[in-house]
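Student: quick one, fold the following:
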Amino acid sequence: MDRKTHKLMTNRTLHRRANVARQYLQRNEGGRGLQSAEETIRTEEHGLSDYIKNDEKGYNRLLKRLTKTRSKSEYQNRQKETKEKDWKEKALHGQYAKIADKTDIKRNCKWIKNGYMKKETEGLITAAQDQALPTRWRKVKIEKQSGTSLCRVYNERDETTFHILSKCSKIAQTEYKRRHDKLAQLVHWNLCKRCRLQHERNWYDHTAEKGLENENVKIFQPDIIVKDKGNEPYLDNRHSNARGCKNRRKGEEYRKISEHCRDISRLWMTSTNVVAVIVGALGTVVRLEEF
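Tutor: This next block holds a predicted model:
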């Protein structure tokens with residue numbers, strides 16, 4: 001039954017090369033939330049076994065000899081550990097899981113838990129996280145096909161999923177910039193909504209104007225600077241990457257932000273607060289204390 005279900009869903013919602021065990025993990029743990037038919041039956045068997053063990057009536061004494069030695073909760077915990085181990089110990093599929101463990105796991109899985117995306121989109125993103133997309137590097141190194149593993153655009157480095165998402169210099173000023181602007185658009189829309197400034201109903205229809213103001217706040221572009229007329233201003237900084245921020249990259253960002261804060265403090269004669277929005281291209285959210 002599980003095999004037939006997986007084959008049926010592979011046509012649209014599941015990628016055929018994505019990690020299978022991950023599909024049965026809970027959505028708040030990075031999985032897709034599918035229910036295994038076999039596991040459901042075994043769980044009910046262990047639940048019935050627990051009921052018989054705890055029943056003090058005489059006619060169930062004989063049945064106690066036939067009950068399971070493991071309780072229902074122990075069985076469920078063991079199945080969960082087995083699935084996580086099967087996902088995280090894979091050399092290719094487990095790379096994203098290792099990165100996610102070092103970041104804010106609850107926020108990383110929030111987009112899956114909320115379920116507001118189409119199932120096809122979810123399948124594509126999780127396949128990219130598992131590096132299951134048919135890149136040149138995968139075809140040559142994993143599937144042993146003939147050809148080159150170099151990037152078809154840059155033609156100097158291996159065409160991996162991470163390379164396409166954040167390391168190809170040829171699309172840095174096009175696709176990467178568009179992704180960065182979309183994130184800034186969402187942040188600007190939320191700020192305008194919170195500060196009761198003019199904004200569209202949907203964030204993707206919102207146009208970030210250079211300067212907005214009311215009796216309480218001012219919002220400036222291109223870096224989103226919010227000046228609270230009653231309190232100190234704060235600077236928002238956006239950053240997107242595939243694996244998170246490297247140490248060198250974090251040092252550069254920190255230096256630029258520090259210089260910008262000093263300029264703002266001298267200009268307005270006040271202190272500033274920095275709110276860093278650091279989101280990976282595959283959905284990883286870096287803990288603020290790591291920045």
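Student: all strands of the stretch 151-291 of the chain, in order?
Tutor: 211-213, 217-220, 225-228, 234-241, 273-280 (DSSP state E, counting those that start in this stretch).
Student: which one of these lies nearest to residue 132?
Tutor: Between residue 132 and the strands of the stretch 151-291 of the chain, the shortest gap by CB to CB is with strand 273-280, which sits at 17.5 Å. Every C-beta, even on glycine, is put in place using the N, C-alpha and C of the backbone.
Student: alpha carbons of the closest one, in CSV - could you do that?
Tutor: The C-alpha trace of strand 273-280 is given here as CSV (Å, rounded to 0.1, in the frame of the first residue of the first chain):
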residue,chain,number,x,y,z
ASN,A,273,19.2,49.1,16.4
VAL,A,274,19.9,46.5,13.6
VAL,A,275,17.4,43.8,12.7
ALA,A,276,19.1,41.3,10.5
VAL,A,277,16.9,39.2,8.2
ILE,A,278,19.1,36.3,7.1
VAL,A,279,17.2,33.6,5.1
GLY,A,280,18.8,30.8,3.0
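Student: that one packs against which elements?
Tutor: Packing partners of strand 273-280 (3 or more CB pairs under 8 Å, 6 or more residues apart in numbering; DSSP states H and E): helix 177-194, strand 234-241, helix 247-268.
Student: can you do 10 Å?
Tutor: helix 94-101, helix 105-108, helix 177-194, strand 225-228, strand 234-241, helix 247-268 (3 or more CB pairs under 10 Å, 6 or more residues apart in numbering; DSSP states H and E).
Student: rewinding a little: out of the strands of the stretch 151-291 of the chain, nearest to residue 169?
Tutor: That would be, of the strands of the stretch 151-291 of the chain and by CB to CB, strand 234-241, which comes in at 14.2 Å.
Student: for residue 118, which of the strands of the stretch 151-291 of the chain is the nearest?
Tutor: strand 273-280 (20.1 Å).
Student: now the angle from that closest one to helix 177-194?
Tutor: 130 degrees (axes from the mean of the first three to the mean of the last three CA atoms, to 10 degrees).
Student: Provide a list of residues in contact with the nearest residue to residue 204 once chain neighbours are set aside.
Tutor: Once flanking residues are discounted, residue 204 sits nearest to residue 185: 7.4 Å by CB to CB, 6 or more residues apart in numbering. Contact analysis of residue 185 by CB atoms under 10 Å, 6 or more residues apart in numbering lists 203-208.
Student: out of the residues you listed, which is nearest to residue 157?
Tutor: Nearest to residue 157 out of the contacts of residue 185 is residue 204 (CB to CB; 32.3 Å).
Student: how far away is the closest one from residue 19?
Tutor: Computed as CB to CB, to the nearest Å, the residue 204 to residue 19 distance reads 31 Å.
Student: quick one, which of the two is more surrounded?
Tutor: The neighbour count for residue 204 versus residue 19, taken as other CB atoms under 10 Å, is higher for residue 19 (25 against 9).
Student: for the closest residue to the more buried one other than its chain neighbours, give its distance to residue 254.
Tutor: Once flanking residues are discounted, residue 19 sits nearest to residue 93: 4.2 Å by CB to CB, 6+ apart. As judged by CB to CB, residue 93 and residue 254 stand 33 Å apart.
Student: of those two, who's got more company?
Tutor: Taking neighbours as other CB under 10 Å, residue 93 and residue 254 compare with residue 93 leading, 21 against 15.
Student: surely that one meets residue 17?
Tutor: Yes - assessed by CB atoms under 10 Å, residue 93 is found in contact with residue 17 at 9.3 Å.
Student: contacting residues for residue 263?
Tutor: Residue 263 neighbours (CB under 10 Å, 6+ apart): residue 272.
Student: good, wrapping up.
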